[in-house]
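This is a predicted model, with the sequence first.
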Amino acid sequence: MVKLLENTFRMINIGLVNEMAVMCGRMGINVWEVIDAAASKPFGFMPFYPGPGLGGHCIPIDPFYLSWKTRQAGIEARFIELAGYINGQMPHFVVEKIQTALNDCGKPVKDSQIHILGVAYKRDIDDVRESPALDIIHLLLQRGARVSYSDPHVPSIKVDGHELFSTKMNGEIEKSDCVVIVTDHSSVNYPAVLRKARLIVDTRNTLRGLVSKKIVRL
């Protein structure tokens, strides 16, 4: 129960900031600046950060196990279910961001070359279990995009029954219509990515402090 509480606490708070990211996005507000300002309060606030969705074997799964167990006891865990739904919708929100960013450049998602940077569920690991990158790629393929990816830790993935292989980053970035930072691996030279890319959708605030009209933040 201690483990379930800790992982559910994290999942619910991530759900809250993900919902704030969606709200701020609709209102033209930088959610990352909002969180930084709130975190300047010396007490009573613990910063959590939005992202493209939850991954791994614990945080996306343990709260729903707890919810299932509570239903057996005749209790409905509505708070947990709602946070899980919000987190589960984040890949769709990211794809909407990509679509809008491409539209603003006069391009449709269909037949656009979209390159995903990072497919592991978090930085500097090779684990893709429940990774939101897989959902994002699936949704982009459904919309007719041509999708490639680079990840120094993950040589291949399977999406919709097809095996995709990690490609060399430099060549793909230059020829892609949009680059999407899904996992912020520390080994990647992000200023170089910014120089070479035509358009970047940054779901992790990886390009924090860098200013460019090419950057679209979550």
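Structure's in. What do you need? Numbering: from 1, shown residues only.

so what pLDDT did residue 67 get?
Looking at residue 67, its pLDDT reads 87.

isn't it right up against residue 80?
Yes. With contacts counted by C-beta atoms under 8 Å, residue 67 reaches residue 80, the gap being 4.8 Å. Backbone N, C-alpha and C define where each C-beta goes, glycine included.

Against residue 82, how distant is residue 130?
19 Å (C-beta to C-beta, to the nearest Å).

Secondary structure class of residue 147, three-state.
strand (DSSP: H, G, I helix; E, B strand; the rest coil).

mind checking pLDDT for it?
Taking residue 147 on its own, its pLDDT is 96.

and the residue nearest the centre of the chain, what does it touch?
In the chain, the residue lying closest to the centroid (C-alpha atoms, centre = their mean) is residue 52, at 1.6 Å. Shown in contact with residue 52 (C-beta atoms under 8 Å, 6 or more residues apart in numbering): 90, 91, 94, 132, 133, 136, 182, 203, 204, 218.

My read is that residue 166 contacts residue 126, right?
No. With contact defined as C-beta under 8 Å, residue 166 does not count as touching residue 126 (10.8 Å).

overlap in contacts of these two?
residue 154.

which one of these two has more residues nearby?
Legend: neighbour count by other C-beta atoms under 10 Å for residue 166 and residue 126, higher for residue 166 (18 against 11).

which residues does the more buried one contact?
Residue 166 touches 149, 150, 151, 152, 154, 155, 156, counting by C-beta under 8 Å, 6+ apart.

What pLDDT is listed against it?
pLDDT at residue 166 comes out at 95.

Can you report phi and psi for it?
phi -60, psi 130 (degrees, to the nearest 10).

start the count at 514, not 1, going forward
New numbering, starting at 514: the last item is residue 679.

gap between it and residue 665?
8 Å.

repeat for residue 613
29 Å.
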